[in-house]
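Enquirer: I need the structure of the sequence given here:
(one chain, ligands or ions: 2)
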Amino acid sequence: MLIADMRCFRCFYTRAHSLLLLRSSTPVTIPISPVRFRLRRFSSSPVTSVFDLPSSNQDANSNKEDNETKIGFSDEKSRKAASNPRGWSPGEVVMNKSKKGKSKTVWVCESCGHSEGQWWGSCRTCHKVGTMKRFSQGSELSAGGGGGGSNCTGSGFSESKGLSWLPEQTTVQPHRLTDVIHGITQQQWRISLPGLFGNEVGRVLGGGLAPGSLILIGGDPGIGKSTLLLQIAAIIAEGSELAEPAPVLYISGEESVEQIGSRADRMRIQTEELYLFSSSDLQDILNKAHRLSPRALIIDSIQTVYLKDVTGSAGGLTQVKECTSTLLRFAKKSNIPVFLVGHVTKAGDIAGPRVLEHIVDVVLYLEGEESSTYRLLRSVKNRFGSTDELGVFEMANSGLEVVSNPSGIYLSQQNPDSDVLAGLAVAVVMDGSRSFLIEVQALCSPGSTVSRHVNGVQASRADMIIAVLMKQAGLRIQENGIFLNVANGMALSETAGDLAIAAAICSSFLEFPIPHGVVFIGEIGLGGEVRTVPRMEKRVSTVAKLGFNKCVVPKSVEESLKALNLKEIEIIGCKNLKELINAVFRVQ
Ligand code: TYD
Ligand code: MG
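Expert: Ligands and ions are numbered 1, 2, ... in the order given. Presented below is the predicted three-dimensional model:
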């Protein structure tokens, strides 16, 4: 029995290794140069090679070369330095060279990337069995789990490479803060994004685009990430009153240049400075970017690019992490902002952006319901600004358009008669760091044969709230059949929705509609008291931006929320359910 099990294990490792070999040998490079985008004219062959373009940089370089020949160089080193005006080469950012000498072994989980100094039977982070692989500094990928098994060749994973996203700045000295900020103003330092659309994106980014920043844009497939980035690329390339038009390089590993071109055509993008390039080889991409020196680089998506010297196929955890680290070094060295697209799958794909959130400077999520055309651009992490900002867009025929009155989004999805419909209340729930609005619907039907039916709300929670309403608020709802539903098939799993459930039931029972623009946040205790929930400030600032004008909250946080000075929204604090009924259902 034990032997049979051991065989199974051996089989498993052998298969895993052959898969690894197959995956690492797949990428094929197609030698294509970036294509300069021109409206209504696309060609699979380069329209103009970027290296022949009369861009200002190219001119500068050619002049420099002329001067070099005239002046002459004393040694080879100074010639090389002078011939490379940027002072660094793409090779420097692609991979750190491993130091010669003592080799160090590290065990890395193939599934989640967790590393250990010694072998364990299973990964201590993701608990998967047999996923720990041995890597040694400067050596080939060696045997799998169990400390034995067959050898497998592949690229080495050095410890320095594992930490390669740390910028190598051994020669850089510490600077005094006052020297660094002297003469820098935020407006001058940041790349401004002009226009209504640019302002909306710039606000979410913290007031424009920070040079040298690495920005990850996540979102479900088909939500509009490529569309958003193409529009961002176009406005950066077009420039503004403050900045001349400048090249922007848009790399797609998913679509051909013709496909991107036809989309841009549909979106009526007419810029001469937008360069399209379809490639997956990151080294090649960085070579092109280095030569073109664009104002911004866009990679769509991080799951499609790969580095030849890194183990695994494109989209695998190691590749994704290492490519992102390389792009971070590229961004920091060149001061070129880099946008990355990252897919989020419902199954929580390991190559999703969550893994990368630690590496990048800014994480934005593009969100929206499948059935709705509205899209929210939310900042989840921002090293250069607040994460409370929210951009609201609508997917139209010609790309994403800014929604100037966001309150319209939510209200338009409601029944137009909802002003006179009793039993509807809005709650704010959090999903991770994202906040959502949920509409709770209640129907109190006297003499119904069904006593209670809930949909999208936890039955036990609904029972508790109904019991508290009867006992503590004196609501005589026992003779009613009570139906609860959450609109759009969403589920309300947080206690923050208690107050909205109670308000919806009261509204239906009293046949008193809750006016538009009122939102409820709070938990209800058995004594009928209204309690606070985590991240109240974030929830309230989200609803304020979405155009709601009254927010019913627990009394204990009323003052601190009023101190936020959110002018658009009135904060109404309630100690208990009786106060809630008086505050909302009082005849004016
Ligand atoms: P896309 O940007 O390709 O999504 P992602 O990159 O996140 O996968 O957008 C795909 C959807 O957007 C697609 O369903 C069509 C729609 N769309 C429009 O409705 N209008 C437009 O102008 C564009 C470009 C796309
Ligand atoms: Mg896309």
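Enquirer: need the residues of this structure near ligand 1, please.
Expert: 219, 221-227, 263, 266-267, 395, 397-399 (C-beta under 6 Å from any ligand atom). The way it works is simple: take the backbone N, C-alpha and C, and place the C-beta from them, glycine included.
Enquirer: now for those residues: which two are most distant?
Expert: The distance between the two most remote of the residues of the chain next to ligand 1 (C-beta to C-beta) is 21.3 Å, for P221 and S398.
Enquirer: give me the subset of the residues of the chain next to ligand 1 lying in helices.
Expert: K225, S226, T227, R263, R266 (DSSP state H).
Enquirer: for the second one, give me its contacts.
Expert: Contacts of S226 were listed using C-beta atoms under 8 Å, 6 or more residues apart in numbering, and they are S252, E254, E255, I260, R263, D300, V341.
Enquirer: what about the last one, how many residues nearby?
Expert: Meaning V341. 25 (other C-beta atoms under 10 Å).
Enquirer: isn't V341 right up against L228?
Expert: No - using C-beta atoms under 8 Å, V341 is not in contact with L228, being 9.0 Å away.
Enquirer: any shared contact partners between these two?
Expert: Common contacts of V341 and L228 (C-beta under 8 Å, 6+ apart): I217.
Enquirer: quick revisit: which among the contacts of S226 end up buried?
Expert: S252, E255, I260, D300, V341 (16 or more other C-beta atoms under 10 Å).
Enquirer: just for the stretch 401-550 of the chain, where's the confidence low?
Expert: 405-420, 431-434, 488-490 (pLDDT under 70).
Enquirer: any idea where the helices of it begin and end?
Expert: Ranges of helices within the stretch 401-550 of the chain are 407-413, 459-471, 498-510, 536-545, based on DSSP state H, counting those that start in this stretch.
Enquirer: count of neighbours near the residue lying closest to R268 once chain neighbours are set aside?
Expert: Ranked by C-beta to C-beta, 6 or more residues apart in numbering and with sequence neighbours excluded, the top spatial neighbour of R268 is S398, at 5.7 Å. As a burial measure, S398 scores 12 neighbours (other C-beta under 10 Å).
Enquirer: which residues does S398 contact?
Expert: Going by C-beta under 8 Å, 6+ apart, the list of residues near S398 reads R266, M267, R268.
Enquirer: one step back: filter the contacts of S226 down to just the ones in helices.
Expert: I260, R263.
Enquirer: closest one to ligand 1 out of the contacts of S226, please.
Expert: Of all the contacts of S226, ligand 1 sits closest to R263, with 5.0 Å by C-beta to the nearest ligand atom.
Enquirer: find the nearest non-adjacent residue to that closest one, please.
Expert: Nearest non-adjacent residue to R263 (C-beta to C-beta, 6+ apart): L230, at 6.5 Å.
Enquirer: correct me if wrong, but that neighbour is in a helix.
Expert: Yes - checked against DSSP: H, G, I helix; E, B strand; the rest coil, L230 lies within a helix.
Enquirer: next, count neighbours for it.
Expert: 25.
Enquirer: again with R375
Expert: 24.
Enquirer: that one contacts K225, doesn't it?
Expert: No - taking C-beta under 8 Å as the definition, R375 is not a contact partner of K225, at 9.8 Å.
Enquirer: what residues are shared contacts of those two?
Expert: L366.
Enquirer: tell me what the closest residue to K538 other than its chain neighbours is bridged to.
Expert: Distance criterion C-beta to C-beta, 6+ apart; nearest residue to K538, sequence neighbours excluded, is S435 at 6.1 Å. For S435, the beta-bridge partners are M430 (DSSP bridges).
Enquirer: the one 4 residues further on now?
Expert: Legend: beta-bridge partners of E439 under DSSP bridges are V426.
Enquirer: quick check: it vs ligand 1, distance?
Expert: 25 Å (C-beta to the nearest ligand atom, to the nearest Å).
Enquirer: for E559, list the residues it contacts.
Expert: E559 touches G573, counting by C-beta under 8 Å, 6+ apart.
Enquirer: T227 contacts M395, correct?
Expert: Yes - in this structure, T227 is within contact of M395 by C-beta under 8 Å, at 7.4 Å.
Enquirer: which one of those two is surrounded by more residues?
Expert: Shown here are T227 and M395; by other C-beta under 10 Å, T227 has more neighbours (20 against 17).
Enquirer: what residue ranges in the stretch 201-350 of the chain score low on pLDDT?
Expert: 345-350.
Enquirer: the same query, at a cut-off of 50, please.
Expert: 348-350 (pLDDT under 50).
Enquirer: and the strands in it, which stretches?
Expert: All strands of the stretch 201-350 of the chain, identified by DSSP state E, counting those that start in this stretch, fall at 214-219, 248-252, 274-278, 296-300, 338-343.
Enquirer: for the stretch 351-500 of the chain, same thing?
Expert: Using DSSP E, counting those that start in this stretch, strands in the stretch 351-500 of the chain cover 362-367, 374-382, 390-396, 399-402, 424-431, 434-446, 452-455, 480-486.
Enquirer: out of those strands, deepest packed?
Expert: strand 362-367 (a mean of 24; mean count of other C-beta atoms under 10 Å).
Enquirer: return the list of helices and strands in contact with that one.
Expert: strand 214-219, strand 374-382 (3 or more C-beta pairs under 8 Å, 6 or more residues apart in numbering; DSSP states H and E).
Enquirer: quick one, it and strand 424-431 angle?
Expert: 140 degrees (axes from the mean of the first three to the mean of the last three C-alpha atoms, to 10 degrees).
Enquirer: from the stretch 51-200 of the chain, which residue is nearest to ligand 1?
Expert: F197 (12.8 Å).
Enquirer: so that residue touches I235, yeah?
Expert: Yes - the criterion here is C-beta under 8 Å, and F197 meets it with I235 at 6.6 Å.
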